[in-house]
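Enquirer: Curious how this folds, go ahead:
(one chain, ligands or ions: 1)
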Amino acid sequence: MSALPNAHEALLRNRDLIRGRLALIGLSDAALLSRLPAGGLAMTEHAGVFAQFPVLKGWLPAFGYDDQALQSASADTVVVFLPKARAELTFRLELARWLADDGARLILIGEKREGIAGAVRQLKEVAPDAAKVDSARHCQVWLAESFTPVSAFDLEAWMQWHAVECAGVNVDVAGLPGIFSDGELDDGTAMLLRSLAEQPLSRGHALDFACGAGVIGSWLQCWQQAQGIEPSPVDAVDVQSQAVICAKATYANARALGDVVASDGLAGVTRKYRAIVTNPPFHAGVRTDISMTERFLQQAAVHLQPGGELRLVANSFLPYEALMAKCIGPVTRLQSDKRFTVYSARRR
Ligand SMILES: C[S@@+](CC[C@H](N)C(=O)[O-])C[C@H]1O[C@@H](n2cnc3c(N)ncnc32)[C@H](O)[C@@H]1O
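Expert: The predicted model follows:
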């Protein structure tokens, strides 16, 4: 049996804390479910983990914070796994308190290197009597037998909007806790947008890979409109539930065209595009990890029409240029500074 993430192993060590109906929030490995035979609700905000959820009797799967499977007062034990972003912990704790029925218990589990010690302050704000019950697998396990309940979990109320401007074109962008670059335009994305204004894409259906809150696709269509060009649809995919929720809201607000779907890498993408634009992920967890983007580059040509363009911004030190040339076709550097470079590769 392969090893689970430390926080999942820490729950298995403490499974006797589970009473009644169980709800798990923030799973990062679907294999945990087959090790917990009693079943319950299992929520992950990662489309790749969700796709791996086994069909097991007793388990109710949920993808992200807007899944219909999430129901008020439906759990007697709610387990919250510590997310990377501190703001997302507050979000998860609110969801946990809404899922919890009268008399339910709340368990918070996280790794020390991911900041569980600091996160406990947030737990104690809603559950002052929470106590540490185990320390193992580089994790701490905290149990709260009583906490302030909440009667509503209102995504609209959590959504924050901020304005983004580039090349004289403004769009309003939605944000939820845990989303990339919440509240501001990322500097790399800003350089990508400038390149789209100064060296426009050919017209045609495009894809924004790893779309986050949907800023690129909505800005691009607003910019095209401002130039008197009929906007081309930009489909958008991201692995994270909050990104999909926010990108849908950003698109609706900007009246942008294109399907927004959850996808781990290009797994959920079926068509071929005139262009793919992306500010791809390179950071996963505590270490720098570019394997996801390398996989994306190896598969991107399949989703480009012949002569189609891949437009990508990345930190200048990342070694993508040679891989783009090998997997897609000739590469040009469109913009560059000490931090970021925008590359354009044409499919042979
Ligand atoms: C650098 S951010 C860019 C977000 C947005 N395009 C922008 O410019 O603001 C990268 C995005 O990649 C997403 N991501 C990470 N791993 C992914 C994967 N395996 N498949 C699809 N998207 C992924 C993250 O959720 C994040 O929203």
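
Enquirer: switch to C-alpha atoms for all contacts and neighbour counts from now on
Expert: Will do.

Enquirer: Report the secondary structure state of G103.
Expert: Under DSSP: H, G, I helix; E, B strand; the rest coil, the three-state class of G103 is strand.

Enquirer: ok, L185 - contacts?
Expert: V164 (CA atoms under 8 Å, 6 or more residues apart in numbering).

Enquirer: So for G183, what's the nearest residue that isn't a sequence neighbour?
Expert: Take G183 and drop its neighbours on the chain: the residue closest to it by CA to CA, 6 or more residues apart in numbering is H162, 5.6 Å away.

Enquirer: Show me which residues of whichever strand or helix holds the one you found are buried.
Expert: Here H162, judged by DSSP states H and E, is contained in strand 160-166. Using 16 or more other CA atoms under 10 Å as the test for burial, strand 160-166 gives W161, V164.

Enquirer: which strands and helices sit next to it?
Expert: Judged by 3 or more CA pairs under 8 Å, 6 or more residues apart in numbering; DSSP states H and E, the packing partners of strand 160-166 are strand 169-175, helix 187-198.

Enquirer: and among these, the most buried is which?
Expert: Highest mean neighbour count of the helices and strands packed on strand 160-166: strand 169-175, a mean of 22 (counted as mean count of other CA atoms under 10 Å).

Enquirer: Relative to that strand, what are the paired strands and their orientations?
Expert: Here strand 169-175 is paired, per DSSP bridges, with strand 160-166 (antiparallel).

Enquirer: re the thing from before, what sits against the residue nearest to G183?
Expert: D172, V173, A174, G175, G183, E184 are the contacts of H162 under CA under 8 Å, 6+ apart.

Enquirer: hang on, the earlier thing: and A254, which of the helices and strands packed on strand 160-166 is closest to it?
Expert: Evaluated over the helices and strands packed on strand 160-166, closeness to A254 peaks at strand 169-175, with 6.9 Å, by CA to CA.

Enquirer: and stretch 266-284, anywhere near the ligand?
Expert: Yes: under the criterion of CA under 6 Å from any ligand atom, the ligand is reached by stretch 266-284 at N279, P280, P281.

Enquirer: May I see the residues you listed organised as TSV, with secondary structure and pLDDT added?
Expert: Shown next, in TSV, are those (DSSP: H, G, I helix; E, B strand; the rest coil; pLDDT from 0 to 100):
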residue	secondary structure	pLDDT
N279	coil	97
P280	coil	96
P281	coil	91
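
Enquirer: worst-scoring helix or strand of this structure, pLDDT-wise?
Expert: Here the helix or strand of the chain ranked lowest by mean pLDDT, DSSP states H and E is strand 283-284, holding a mean of 58.

Enquirer: residues in contact with the residue in the stretch 51-200 of the chain positioned nearest to the ligand?
Expert: Among the residues of the stretch 51-200 of the chain, T189 lies closest to the ligand, at 4.6 Å counting by CA to the nearest ligand atom. Residues in contact with T189 (CA under 8 Å, 6+ apart) are I216, N279, V313.
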